[in-house]
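[1] Here is a sequence together with a model predicted from it:
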Amino acid sequence: MRRRLSLAPVSLVAVCGLVALGTISKAAEPLPSVDRWIPEEAVLSVQINEPKPILDMVLDPKVIEQVTALPAYQEAMKNPETAQVKNLVNFLEVKLGTDWKTAVHKLLDGGITFAVAPSDGFLLAVDATDARMLKTTHDVFRDIAKGEAEKAGEPERVESKEYKGVTGWTFGGDEVHGILGERFMLTNKSKAMQAALDLRADGGASLAKKPGYVAARRAVGTNSVGTAYLDLATFKQVPGFQKAMSEAENPLVVLLFSGMQETIRSSAWLGVGLDVRKDALALRAATDGKVGGSNFSRPAANKGALPNLVVPRRMAGMSLYRDLHQFYSAKDDLFPERTNGIIFFENMMGIFFTGRDLTDEVLAKVEPEIRVVVAEQAYDPAIGTPAMQLPAFAVVFEMNDPKKFGVVVEEAWQKALGLINFTRGQKAEPGLMIRTPPQDDPKTFMTVSYFSHEEEKDKKSLDVRFNFRPTLARHGKHLILSSTDQLAKDVIAALKLEDAQATRPLVGVHSMIDADAVRIASVLAANREALIRQNMVEDGNSRSEAEAHVAIILEVVKHLGQTRLIIGERGGQASARLDLWPNIPTSR
């Protein structure tokens with residue numbers, strides 16, 4: 001007995017790009033850009049102008065080989081609905097006279113545009129490079145939809161109507177779609193389709209003529225592979241967004257994201273451009289707003305954040321230009337209602353720094369260049385390995401009076417460790433032991449605290465506390481607060497290399513983040529058993545299901561590769577750039 005294809009797997013094929021729904025009359029002339037058919041009140045527009053480079057990367061034989069080799073993929077292939085999708089793909093290949101990858105290119109290579117109006121109506125437009133193939137694909141899905149509708153006793157569910165000489169279709173619900181020559185169009189509201197067809201027939205105020213949209217496209221490069229536009233002036237009217245922008249933030253959030261709030265508040269639009277270069281992706285963001293006015297995050301002339309530190313097994317690095325003295329001096333203006341967190345912080349700092357004024361006698365001694373580094377740990381076999389393996393982290397400051405201030409920080413550090421030991425002692429928990437190992441370099445000082453491992457029996461499953469060996473180190477003008485002495489040593493080695501190379505700041509940059517997803521995946525893999533147990537408890541999955549979910553997560557994270565985000569200003573305007581180097585094997 002011949003099985004009928006259901007529409008559930010059809011939706012999956014649509015996601016894969018094999019479905020170009022709808023049919024409308026052919027256009028005799030080349031079609032104008034899609035933005036001329038989008039109403040000017042559109043809040044969001046995302047355009048993939050040249051899908052081919054992206055599709056080439058995603059559909060590379062090596063990528064497909066790795067995906068199909070995944071246990072989760074092979075398990076999914078046993079699912080009856082997945083088998084129907086595979087049969088449908090095979091059927092389409094016969095009908096289209098080509099393989100599915102070629103079909104994807106011919107159906108999508110002309111460009112993809114997605115736009116959203118304030119009324120939540122959206123328009124999706126896909127430009128194919130083969131009108132015949134687009135029509136044939138639609139005919140296949142129309143026949144399937146009709147068969148399903150008749151089977152359900154609702155033949156009227158699939159219908160077509162004329163509007164301004166154009167035939168539009170619906171397969172049920174609110175969706176409306178159609179084809180004009182090589183262009184497929186889909187909307188979730190009939191009025192959205194009518195508005196697009198009105199602009200096509202009569203012209204009028206379209207997105208293509210909107211000054212903010214034109215400026216955003218120009219700012220990120222009209223030749224970009226992909227572009228995005230957000231009408232901030234309209235988006236800022238959303239109550240939730242207004243509340244988030246107007247209320248006082250957590251001090252740490254304000255410190256980290258300083259300047260961005262001010263820029264968004266004064267911006268009418270946000271533009272994003274995507275470029276594809278060999279094995280890398282680059283996203284550039286631009287706005288028309290003024291650069292954030294927070295002095296504590298705006299680099300002085302010829303100043304900026306320093307390059308991130310490079311250490312063995314680095315997972316992530318963050319470099320900031322933040323003047324902590326100015327930031328804390330402005331706390332009453334930034335946070336007029338002093339939070340409990342600020343009060344507690346001030347009280348603790350008063351204890352650690354022996355009553356010194358936190359603004360002028362502590363934070364004023366630290367330069368604006370601040371760096372954070374996170375690294376995978378290499379555990380000492382003589383001590384053992386914790387059951388839960390955590391990465392090590394360190395914060396690196398620059399002192400403007402290292403000889404005097406270094407001693408002040410050391411005293412505060414000893415007090416903090418004493419408080420930790422006192423608190424742990426009250427709970428009958430092991431405390432930290434402190435030692436100061438000798439250093440060969442007279443410019444280097446280090447004090448290490450650690451938990452004794454002498455009484456530990458299971459060296460392969462130590463308590464989580466053995467992830468930590470809190471360390472204070474100084475090297476020249478650099479102050480290092482690290483969770484382990486090994487990372488502190490690696491940071492000192494990196495600083496010495498910087499000294500030899502005369503490292504320069506990134507002028508105009510106030511924030512820089514690097515991340516290595518391969519290292520992150522390695523740490524997750526080391527804690528695989530804990531992740532499986534967590535998945536079983538929180539999601540109620542069986543062990544085999546949890547193992548499959550964790551395997552997918554690890555595989556996805558590993559292939560994210562390298563990431564770098566740089567935020568600052570250029571030519572008096574705020575700018576941001578995100579570079580991604582996916583860890584994707586290619587046959588090229």
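    Arrived safely. Residues are numbered from 1 along each chain as shown.

[2] Quick check on the residue lying closest to T170 once chain neighbours are set aside: phi, psi?
    Of all residues not flanking T170 in the chain, V176 sits nearest, at 5.3 Å (Cβ to Cβ, 6 or more residues apart in numbering). Using the backbone N, CA and C atoms, a C-beta is placed for each residue, glycine as well. V176 adopts backbone torsions of phi -130, psi 140, taken as degrees, to the nearest 10.

[3] do D99 as well
    Per degrees, to the nearest 10, the backbone of D99 is at phi -80, psi 160.

[4] In contact with it: list those residues for me.
    D99 makes contacts with E93, as judged by Cβ atoms under 8 Å, 6 or more residues apart in numbering.

[5] separation between it and V89?
    10 Å (Cβ to Cβ, to the nearest Å).

[6] How about F114?
    Using Cβ to Cβ, we find F114 at a distance of 24 Å from V89.

[7] do D458 as well
    Look at D458 and V89: by Cβ to Cβ, they are 52 Å apart.

[8] Of the two, which one has the most company?
    More neighbours surround V89 than the other of D458 and V89, with 16 against 10 (other Cβ atoms under 10 Å).

[9] Touching, that one and A103? I think so.
    No: checked against Cβ atoms under 8 Å, the pair V89 and A103 is beyond contact range at 9.1 Å.

[10] ok, L96 to K106 distance?
    Per Cβ to Cβ, L96 is found 8 Å from K106.

[11] what's near enough to touch N49?
    Neighbouring residues of N49 by Cβ under 8 Å, 6+ apart: G111, S224, V225, G226, T227.

[12] could you pull out the strands for the stretch 401-550 of the chain?
    Here the stretch 401-550 of the chain has its strands, by DSSP state E, counting those that start in this stretch, at 433-435, 444-450, 471-475, 478-482, 506-507, 509-516.

[13] Pairing partners for the second one, with directions?
    Sheet pairing here is set by DSSP bridges, and for strand 444-450 it gives strand 433-435 (antiparallel), strand 471-475 (antiparallel).

[14] overlap in contacts of L96 and K106?
    M133.

[15] low-scoring stretches of the protein, by residue?
    1-29, 242-249, 292-294, 338-339, 587-588 (pLDDT under 70).

[16] Counting residues, what is the longest strand that it contains?
    strand 280-290 (DSSP state E).

[17] In that strand, which residues are buried?
    Neighbour counts over strand 280-290 (16 or more other Cβ atoms under 10 Å) mark L281, A282, L283, R284, A285, A286, T287, D288, G289 as buried.

[18] For A517, give me its contacts.
    Applying Cβ under 8 Å, 6+ apart to A517 gives the contacts V557, K558, H559, L560, G561, Q562, T563, N583.

[19] Just say helix, strand or coil for the closest residue to the fifth one other than its chain neighbours.
    Spelled out, it's G561. Distances taken as Cβ to Cβ, 6+ apart put N583 closest to G561, at 3.7 Å, once the chain neighbours are dropped. Three-state call for N583 (DSSP: H, G, I helix; E, B strand; the rest coil): coil.

[20] contacts for the longest helix seen in the chain?
    Criterion DSSP state H: the longest helix present in the chain is helix 402-426. With contacts defined as Cβ under 8 Å, 6+ apart, helix 402-426 is touched by 351-354, 356, 362, 365, 399, 430-432, 434, 445, 447, 449, 470, 472, 474, 476-477, 479, 481.

[21] related to what we said a few turns ago, I'd like the distance between the residue nearest to G561 and A515.
    For N583, the distance to A515 equals 12 Å [Cβ to Cβ].

[22] Same check on A233?
    Taking Cβ to Cβ, one finds A233 at 33 Å from A515.

[23] Please say which of these two ends up with more neighbours.
    Neighbour comparison, A233 and A515: the larger count goes to A515, with 19 against 13 (by other Cβ under 10 Å).

[24] The more buried one is in contact with L578, isn't it?
    No: assessed by Cβ under 8 Å, A515 is found out of contact with L578, at 10.7 Å.

[25] what's the overlap in contacts for these two?
    In contact with both A515 and L578: T563, R564, using Cβ under 8 Å, 6+ apart.

[26] burial of the closest residue to I520 other than its chain neighbours, as a residue count?
    Excluding the flanking residues, the one nearest I520 by Cβ to Cβ, 6+ apart is M315, at 5.4 Å. The local packing of M315 (other Cβ under 10 Å) involves 22 other residues.

[27] which residues touch the helix or strand hosting M315?
    Assigned by DSSP states H and E, M315 belongs to strand 314-321. Residues from elsewhere that reach strand 314-321 (Cβ under 8 Å, 6+ apart): 256, 297, 299, 303-310, 368-376, 391, 505-506, 509-516, 519-520, 523.
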